[in-house]
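**Q** Predicted coordinates and the sequence they were generated for:
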Amino acid sequence: MEIKDKLSVWVLFLSIIYMIFCSFIFFSISLVIITLLFSNEFDINDKDIIHVAITSLITGITTGLGSWIFAKLDEREARKSLPADPK
């Protein structure tokens, strides 16, 4: 079986953007819940939003890049190994 979907730099950028977006949503929801639990009021300022954005950026880049690297390694191992003989 031949691998038809080659991993490219475009897939890397898409996965990084996707992970940044998902991380931003997750951390924003977490910030709101934690703020409401501890202070019983909605008190979020610009500094909190900047911290969430920076954390999301770091998380998105590392997870996107890490998953892409592991997929590239898996693709390379799949090319090196002999194909199985299905019966």
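**A** Looks like it came in fine.

**Q** can you tell me how far Phe70 sits from Asn40?
**A** Per C-beta to C-beta, to the nearest Å, Phe70 is found 43 Å from Asn40. For every residue, glycine as well, the C-beta is placed using N, CA and C.

**Q** again, but for Ile17
**A** 36 Å.

**Q** Compare those two (neighbour count), which wins?
**A** The neighbour count for Ile17 versus Asn40, taken as other C-beta atoms under 10 Å, is higher for Ile17 (13 against 8).

**Q** is it true that that one touches Gly60?
**A** Yes. Counting by C-beta atoms under 8 Å, Gly60 is a contact partner of Ile17 at 7.5 Å.

**Q** what's the pLDDT at the residue nearest the centre of the chain?
**A** Centroid-nearest residue in the chain, with C-alpha atoms, centre = their mean: Met19, separated by 3.1 Å. Looking at Met19, its pLDDT reads 94.

**Q** okay but it is in contact with Thr63, surely?
**A** Yes. At 4.8 Å, Met19 and Thr63 qualify as touching, with contact defined as C-beta under 8 Å.

**Q** could you give me the average pLDDT of the strand or helix carrying Gly60?
**A** Element membership for Gly60, per DSSP states H and E: helix 46-80. The pLDDT scores in helix 46-80 average 91.

**Q** That helix - contacts with which helices or strands?
**A** Applying 3 or more C-beta pairs under 8 Å, 6 or more residues apart in numbering; DSSP states H and E, we find helix 46-80 packed against helix 9-39.
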